[in-house]
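K.L.:
no letters, just coordinates:
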């Protein structure tokens, strides 16, 4: 005797080769975003991406490696973005407004979109009770609006950690899209309990730098090849477009 498999109820199955030919507004065939994560962590506590094997807290090696990004790496990337004239979707922990607000200000000055990414990547959002998760989403949205001039339309959870209610709470808090899911090449409208629209914009995990460089031990050339191959595949496919 088998039982029914639980489902999320957010969207129905749809094979991509059976869908109508896809185009974005103005007949554009391909849309690309550069998701640039800027994060801040508790010192001596909580979660954190690890360059080396985790050590007992305070884990100075891994903490300082991450902090290098906010002190040095982000500014070198900004120089590159300016040189190549690349717009960026800047995914920010709101703790950065307390620690290094000039980093976010630099992206706002370029006209880049600021996207909510929790308060700190030291915590998992999906473990929060509903009231606390709702408060987090509303707090981050209000903080970004206050300091950067516009409320964020999009959200990526720290560690892509969701509760069963996250899409509902995002829509109710005023967010228009989530980057948490990587299940498709095209935007998908999610069902929410309020009926408010929430779009799922693919965030492809295979093109995420930390899993590729740290977990798979690949180098920058391999990463570049993966990005080029992904775009080439999408451009050559009649019915598939990577957002």
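P.N.:
Perfect, thanks for sending it. Small disclaimer: the values here were computed from a predicted structure and weren't measured.

K.L.:
could you list the buried residues of stretch 49-59?
P.N.:
Buried residues in stretch 49-59, counted by 16 or more other CB atoms under 10 Å: 49-50, 59. Heads up, the C-betas are built off the backbone N, CA and C, glycines and all.

K.L.:
quick one: the strands in this structure?
P.N.:
Taking DSSP state E to define them, one finds strands in the chain at 35-38, 89-92, 113-116, 154-155, 177-178, 188-190, 198-200.

K.L.:
tell me which of the buried residues of stretch 49-59 is nearest to residue 230?
P.N.:
Nearest to residue 230 among the buried residues of stretch 49-59, counting by CB to CB, is residue 49 at 22.4 Å.

K.L.:
show me the buried residues of stretch 49-59 that map onto helices.
P.N.:
With DSSP state H as the criterion, helices contain none of these.

K.L.:
now render those residues as CSV, adding distance to residue 230 and pLDDT.
P.N.:
Listed next are the buried residues of stretch 49-59 as CSV, based on distance: CB to CB, whole Å; pLDDT from 0 to 100:
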residue, distance to residue 230, pLDDT
49, 22, 83
50, 26, 83
59, 33, 94
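
K.L.:
returning to what we had before: and the strands of the chain: which comes nearest residue 24?
P.N.:
Checking the strands of the chain against residue 24 by CB to CB gives strand 198-200 as the closest, at 12.7 Å.

K.L.:
and residue 80, how far from residue 211?
P.N.:
For residue 80, the distance to residue 211 equals 22 Å [CB to CB, to the nearest Å].

K.L.:
ok, residue 233 next?
P.N.:
Using CB to CB, residue 233 is found at 19 Å from residue 211.

K.L.:
same deal with residue 83?
P.N.:
27 Å.

K.L.:
check residue 104 too.
P.N.:
Going from residue 104 to residue 211 by CB to CB gives 25 Å.

K.L.:
pick out whichever of the two has more residues nearby.
P.N.:
The neighbour count for residue 104 versus residue 211, taken as other CB atoms under 10 Å, is higher for residue 104 (22 against 13).

K.L.:
residue 93 is in contact with that one, correct?
P.N.:
No: counting by CB atoms under 8 Å, residue 104 sits too far from residue 93 to count as a contact (9.7 Å).

K.L.:
shared neighbours of these two, which are they?
P.N.:
Common neighbours of residue 104 and residue 93, using CB atoms under 8 Å, 6 or more residues apart in numbering, are residue 38.

K.L.:
burial count for residue 208?
P.N.:
Residue 208 is flanked by 16 other residues according to other CB under 10 Å.

K.L.:
report pLDDT for it.
P.N.:
At residue 208, the model reports a pLDDT of 84.

K.L.:
quick thing: my sequence starts at 230, can you match it?
P.N.:
In the new count, where the first residue is 230, that last one comes out as residue 437.

K.L.:
report the separation between it and residue 408.
P.N.:
Distance from residue 437 to residue 408, by CB to CB: 11 Å.

K.L.:
so where is the protein shaky, pLDDT-wise?
P.N.:
230, 463-472 (pLDDT under 70).

K.L.:
and the helices in it?
P.N.:
All helices of the chain, identified by DSSP H, fall at 289-297, 303-313, 325-328, 330-339, 359-377, 395-402, 438-439, 449-465.

K.L.:
out of the ones you listed, nearest to residue 261?
P.N.:
Residue 261 lies closest to helix 449-465 among these, at 7.1 Å (CB to CB).
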